[in-house]
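Undergrad: Next input, structure requested:
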Amino acid sequence: MLYTICIGSNEQRKENLALARRRLAEFFPDIRFSAEADTKPLYLQRPSLFSNQVAHFFSDYDAAEVTARLKAIEREAGRTLEDKEQEIVRLDIDLLSCDGRVFKPKDLKRDYICRGMQELEQP
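TA: Residues are numbered from 1 along each chain as shown. This is a model prediction of the structure:
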């Protein structure tokens, strides 16, 4: 199954995205990442920029298992409920789609995600 995910961080952005890439590559060896994109926050008062990245990978794991692995990586980066209340996003990894099944339709319309997906479709 082909999975598409998005990675984002607004706190220690470079370090947290690097951690995500390392862990994701351990779980999904054929993963491909788009370039990082800096974006303004959506729906947050905290003005810190986000670094975002899109990735594609194949896996025989079902969506629930993939999501569990993504959330484990978020926790490893130190994501907590307390941080969320303060609009600190150390690491957010969202499952966008799997083999055409869309989990986050609004996210798939965002400009930086569309650009990242187009980049990943290049040979």
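
Undergrad: Report pLDDT for the closest residue to Val89 other than its chain neighbours.
TA: Excluding the flanking residues, the one nearest Val89 by C-beta to C-beta, 6 or more residues apart in numbering is Asn10, at 4.8 Å. (Glycine included, C-beta is placed from N, CA and C.) Looking at Asn10, its pLDDT stands at 96.

Undergrad: and Asn10, how many neighbours?
TA: Asn10 has 22 neighbours, counted by other C-beta atoms under 10 Å.

Undergrad: And it, how far from Glu36?
TA: Computed as C-beta to C-beta, to the nearest Å, the Asn10 to Glu36 distance reads 13 Å.

Undergrad: What ranges does this protein have for its helices?
TA: Secondary structure of the chain by DSSP state H: the helices cover 13-27, 63-76, 81-85, 111-121.

Undergrad: just so I know, which of these lies nearest Asp94?
TA: With C-beta to C-beta, the closest approach to Asp94 among the helices of the chain belongs to helix 63-76: 7.6 Å.

Undergrad: Give me the helices and strands touching that closest one, please.
TA: strand 2-9, helix 13-27, strand 92-98 (3 or more C-beta pairs under 8 Å, 6 or more residues apart in numbering; DSSP states H and E).

Undergrad: can you put those in TSV and add distance to Thr80?
TA: Listed next are the helices and strands packed on helix 63-76 as TSV, based on distance: least, C-beta to C-beta, whole Å:
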stretch	distance to Thr80
strand 2-9	14
helix 13-27	13
strand 92-98	13
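
Undergrad: Of the ones you listed, flag the one that's most buried.
TA: The highest mean neighbour count among those, using mean count of other C-beta atoms under 10 Å, belongs to strand 2-9: a mean of 23.
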